[in-house]
Structures are given as C-alpha cells and as structure tokens.
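Undergrad: Predicted coordinates and the sequence they were generated for:
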Amino acid sequence: MAASKQRRRPSRCRQLLRRPRRQRAGGRSPVVKTFLEITDPASLRAPERAPQRAFGLERVHDPALNRWFYENVGVDWQWTDRLDWTDEQWERWEARVETWAVIADGERAGYYELEPHVERGFVQIAYFGLLPGYFGLGIGGHALTAAIRRGFEIAPRVTVSTATSDGPHALANYEARGMRVLRREPGRIDGSR
C-alpha cells in the first residue's frame with residue numbers, strides 16, 4: 001500500500017494572488033487633492049447601517065499582495081506612481097506599512113495601508129479602496145472605520161489624502177467618518193497620493 005501524499009494548501013494570500021490583474025485606464029487630467037485628519041477617537045462616526053455583505057479584515061505581510069491591490073484597486077482611479085516599482089521597492093514599502101485586506105465571501109474585496117509617522121504623532125491612511133464588485137454594499141464605511149480605529153491605536157492623529165480622480169464617494173466617506181478637511185490643492189494626475 002503506497003503512502004498517500006498530502007498536498008499542502010497555499011496560504012489564503014497566495015490563493016488570492018492568483019486572480020488576474022485588471023487592465024489600467026490611461027489619461028492625465030487636472031485634479032483637486034484634499035487632505036483630511038481626525039484627532040479625537042470620540043469624533044469617529046461608524047456607519048449606522050450594517051453592510052449588505054459580511055466581510056472580515058486580515059492583516060497581510062506580502063509585498064506582492066500590496067502590489068496586486070495597488071494595481072487592481074487603483075486601476076480606475078489613475079494610481080500610477082508605483083506601477084514601475086521593483087520588487088525591492090515593494091518589499092521596502094510593505095515593511096513600512098500595516099496592510100489589511102478586506103475579505104468578503106472568501107474573496108478579496110479591498111484593502112488599506114496604514115503608514116505610521118509616530119515620531120511626528122500621526123498615522124496616514126496611505127491607500128484605501130475596494131474592488132468594483134464591492135461598491136455600494138456599505139463595506140467601505142465599515143472598513144474605513146476599522147482603519148481609523150487601528151490608526152488611533154498607533155498614533156493620536158489619523159490623516160488621509162484623496163483626489164477628485166479617486167472614487168466618487170471617497171471624500172464623502174472620509175467626512176462621514178468624522179474626518180475634517182485641512183486643505184485642498186489643485187494639481188494634475190501623476191498617480192501620487
């Protein structure tokens with residue numbers, strides 16, 4: 001009787017990496033970049049309604065997954081500044097940030113990256129977004145609430161920037177969670193956040 005070989009299952013992150021990348025839309029256009037912050041955890045406002053689809057958050061440590069999310073979440077919002085990054089650059093970035101995957105029905109739905117600047121007293125939500133199949137389900141507001149809560153565990157102030165080229169509800173979601181606008185700056189799309 002031959003011993004049966006047991007196949008090792010790849011990790012959830014490795015399974016998720018096998019999904020195909022979406023194609024990027026091109027173009028450059030004028031934008032307005034908005035910088036926001038929240039400084040008091042008591043000001044954080046979670047959405048009143050439950051999300052229409054259950055989801056979970058998973059802390060991930062894989063530069064390939066950071067790259068995949070950046071490319072696939074940012075494809076429609078003209079995120080381009082990191083498209084030519086090397087593996088080494090992604091490794092350095094992943095070591096600098098805390099990355100959380102939003103998982104719904106066993107599939108990746110979105111992500112956020114928190115970039116701590118503890119010595120300066122804040123954490124920045126460096127990237128936040130959902131994949132298109134998860135828009136309009138109430139997941140974004142709840143995931144953003146979790147991101148801000150985690151940010152307050154790291155530093156006393158949480159910041160983010162968004163641009164008019166980002167999702168049409170991005171700014172409203174940040175403000176609905178209690179973040180206040182610090183300033184607005186005109187610019188052009190170059191992919192930088």
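TA: Structure's in. What do you need?

Undergrad: Tell me which strands the longest strand seen in the chain pairs with, and in which orientation.
TA: Looking across the chain with DSSP state E, the single longest strand is strand 107-117. Looking at strand 107-117 with DSSP bridges, its partner strands are strand 98-104 (antiparallel), strand 122-130 (antiparallel).

Undergrad: Residue 176 reaches residue 48, doesn't it?
TA: No - at 9.9 Å, residue 176 does not count as touching residue 48 under the criterion of C-beta atoms under 8 Å. C-beta: built from backbone N, CA, C; applies to glycine.

Undergrad: Compare the two and say which is more crowded by neighbours.
TA: The neighbour count for residue 176 versus residue 48, taken as other C-beta atoms under 10 Å, is higher for residue 176 (17 against 8).

Undergrad: ok, back up a step: now tabulate the strands paired with strand 107-117 in CSV and tack on mean pLDDT.
TA: As requested, the strands paired with strand 107-117 are exported to CSV (pLDDT from 0 to 100):
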stretch, mean pLDDT
strand 98-104, 98
strand 122-130, 97
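
Undergrad: Could you save those strands as JSON lines and add columns showing distance to residue 112 and mean neighbour count?
TA: Output for the strands paired with strand 107-117, formatted as JSON lines (distance: least, C-beta to C-beta, whole Å; neighbours: other C-beta atoms under 10 Å):
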{"stretch": "strand 98-104", "distance to residue 112": "5", "mean neighbour count": "22"}
{"stretch": "strand 122-130", "distance to residue 112": "4", "mean neighbour count": "23"}
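
Undergrad: Show me the one of those that comes nearest residue 80.
TA: Residue 80 lies closest to strand 122-130 among those, at 13.1 Å (C-beta to C-beta).

Undergrad: what's the offset of the closest one from the middle of its chain?
TA: With C-alpha atoms, centre = their mean, to the nearest Å as the basis, strand 122-130 stands 6 Å off its chain's centre.

Undergrad: And the strands in the protein?
TA: Taking DSSP E, the strands of the chain run over residues 30-38, 56-60, 98-104, 107-117, 122-130, 158-163, 180-188.

Undergrad: Of those strands, which is nearest residue 68?
TA: When the strands of the chain are compared for distance to residue 68 using C-beta to C-beta, the nearest one is strand 107-117, at 8.3 Å.
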